[in-house]
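[1] take a look and give me a structure for this.
(one chain, ligands or ions: 1)
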Amino acid sequence: MPLGECLINSHRSSLQTQRYTEREVGHVAVFAVTDNIFGIDLYEEGRPGRSCAYVIRAREPVLVETGSARSHPALVKGLEEVGVYPSDLRHIIVTHVHLDHAGGVGQMMEVSPKALLHCHPRALPHIIDPSRLIAGAQAVYGDQAEDIFGPVKPVAKERVVAQGDETMLDAKGHELVFYDTPGHAKHHLCVIDQSTGSLFSGDTVGIRYTRAYTGWPFEWGFPTTTPSDFNPDVLLETLDRLLSRRPRRVCHTHYGVTEPARAAFDFTRRGLQRIQAMMTRLSETSTQSEVQSLLTSTVRQELDAIGHPEVDVGAVALDIFLNSQGILVYLQKRAVGKL
Ligand SMILES: [Zn+2]
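    From the prediction side, this is the model:
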């Protein structure tokens, strides 16, 4: 059983009971990463095993990621299950300001009056004034943006701390180091908990697709290349830098834990190399559907190479769609020298 799937509480919450289906056997809503670190399923998109937040039970309790506003009830419920109430939280960290990571930050800060919000310096203006985030989500998701992610609320400026590269947060019992980690987003940071070697990677060290999400009989890892800052060269440099810090495990927001950490770096790099090879057959004038069909073939090739030619890639069609948008934006920006 992977570490991320350990049930810490044999009492199933009503949330779990409501949402469980037969297909999800083995999936749990709250899982232990270490004695003091827990993952909480956010049921993003109303689906299990898609996105999670992490809570560190330090003397100053820390939450990493809030998910979207739609995830807020699942997050609060999960926190209660691990015995940390929102009013206990002293630190809330968002890895970047995409709405599936930080869309619910306003709601979470409202119920966590003792908490400070820590984010990348480039994320800070959008946390205080989310109007551009909302417009950005509408550009990608259209009119469905608010249905998917919920309403985005601002956070008061005096409660937000911009964390630069290699700054440290002493949460009393857990020392956290922030890293500036561009490549997926220019406003992305990752966090390493020094005491446990746990890297909270946001969207930087790939996506771990769970069986609960895909319905496939195995877990699978692949990079995410969503708009609008995806840059494979920068992302590969970021991966090298993070790996040089020798993390023990990767705590993915999507979804759960890869241990040893190197396995997540390997699948992310391998996927990026496939995408780079694929991009040599594309240009800034390629259409969205061309990128999408080529990326679908690339995903099939990767699944084939790891011994799973039989699965239906339709299970990850949403991500293929979003990733192909990000790849096209990258090609267009590169063509005009605006990366
Ligand atoms: Zn994400």
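
[2] what pLDDT is listed against the residue in the stretch 101-250 of the chain that the ion sits nearest to?
    Nearest to the ion, among the residues of the stretch 101-250 of the chain, is D203, at 4.4 Å (Cβ to the ion). C-beta here means a position set from N, CA and C on the backbone, and glycine is covered the same way. D203 carries a pLDDT score of 98 in this model.

[3] next up, the contacts around it.
    Applying Cβ atoms under 8 Å, 6 or more residues apart in numbering to D203 gives the contacts 95-96, 98, 101, 184-185, 188, 224, 226, 253-254.

[4] of the residues you listed - the most surrounded one?
    T253 (30 neighbours; other Cβ atoms under 10 Å).

[5] so how far is the ion from the most centrally placed residue in the chain?
    When Cα atoms, centre = their mean is applied to the chain, the residue found nearest the centroid is T253 (3.3 Å). From T253 across to the ion, the span is 6 Å (Cβ to the ion, to the nearest Å).

[6] hang on, that residue packs against E65?
    Yes. Between T253 and E65 a contact is recorded at 5.4 Å, counting by Cβ atoms under 8 Å.

[7] what's the overlap in contacts for these two?
    51-53, 95, 101, 200, 202.

[8] so which of those are in strands?
    52-53, 200, 202 (DSSP state E).

[9] and the pLDDT for the most far-flung residue of the chain relative to its centre?
    Distance from the C-alpha centroid of the chain, by Cα atoms, centre = their mean, peaks at T285 (29.9 Å). Looking at T285, its pLDDT reads 98.

[10] next: the one 5 residues further on.
    E290 is assigned a pLDDT of 98 by the prediction.

[11] helix, strand, or coil at the closest residue to it other than its chain neighbours?
    Nearest residue to E290, sequence neighbours excluded (Cβ to Cβ, 6 or more residues apart in numbering): L282, at 6.8 Å. Following DSSP: H, G, I helix; E, B strand; the rest coil, L282 is assigned to coil.

[12] how close does G314 sit to the ion?
    20 Å.

[13] and that residue, what is it in contact with?
    Counting by Cβ under 8 Å, 6+ apart, G314 has no contacts.

[14] which parts of this protein sit against the ion?
    Residues of the chain found near the ion (Cβ under 5 Å from the ion) are 100, 203.

[15] quick one: L272 from S286, how far?
    Here L272 is placed at a distance of 18 Å from S286 (Cβ to Cβ, to the nearest Å).

[16] repeat that for E166.
    On the measure of Cβ to Cβ, E166 and S286 end up 38 Å apart.

[17] okay, those two: which has more neighbours?
    S286 (18 against 10).

[18] what lines up beside the strand or helix carrying Y179 in the sheet?
    Assigned by DSSP states H and E, Y179 falls within strand 175-180. In the sheet, strand 175-180 lines up against strand 168-170 (antiparallel), strand 189-193 (antiparallel) (DSSP bridges).

[19] got the buried residues for it?
    Neighbour counts using 16 or more other Cβ atoms under 10 Å place 176-180 of strand 175-180 among the buried residues.

[20] likewise stretch 110-122?
    Buried positions in stretch 110-122, judged by neighbour count with 16+ other Cβ under 10 Å: 112, 115-120, 122.

[21] give the residue spans of this structure that score low on pLDDT.
    Where the chain drops to pLDDT under 70, the residues are 1-26.

[22] ok so the residue farthest from the centre of the chain is a strand residue?
    No. T285 sits outside any strand when classified using three-state DSSP, being coil.

[23] tell me who's in contact with it.
    Contacts of T285 by Cβ under 8 Å, 6+ apart: none found.

[24] quick check: it vs T298, distance?
    20 Å.

[25] measure P309 to V299 for me?
    12 Å.

[26] more neighbours: those two, which one.
    The neighbour count for P309 versus V299, taken as other Cβ under 10 Å, is higher for V299 (22 against 10).

[27] quick one: secondary structure of that one?
    State at V299, reduced to three classes by three-state DSSP: helix.

[28] does it touch A315 like I think?
    No. V299 is beyond contact range of A315, at 10.3 Å (criterion: Cβ under 8 Å).
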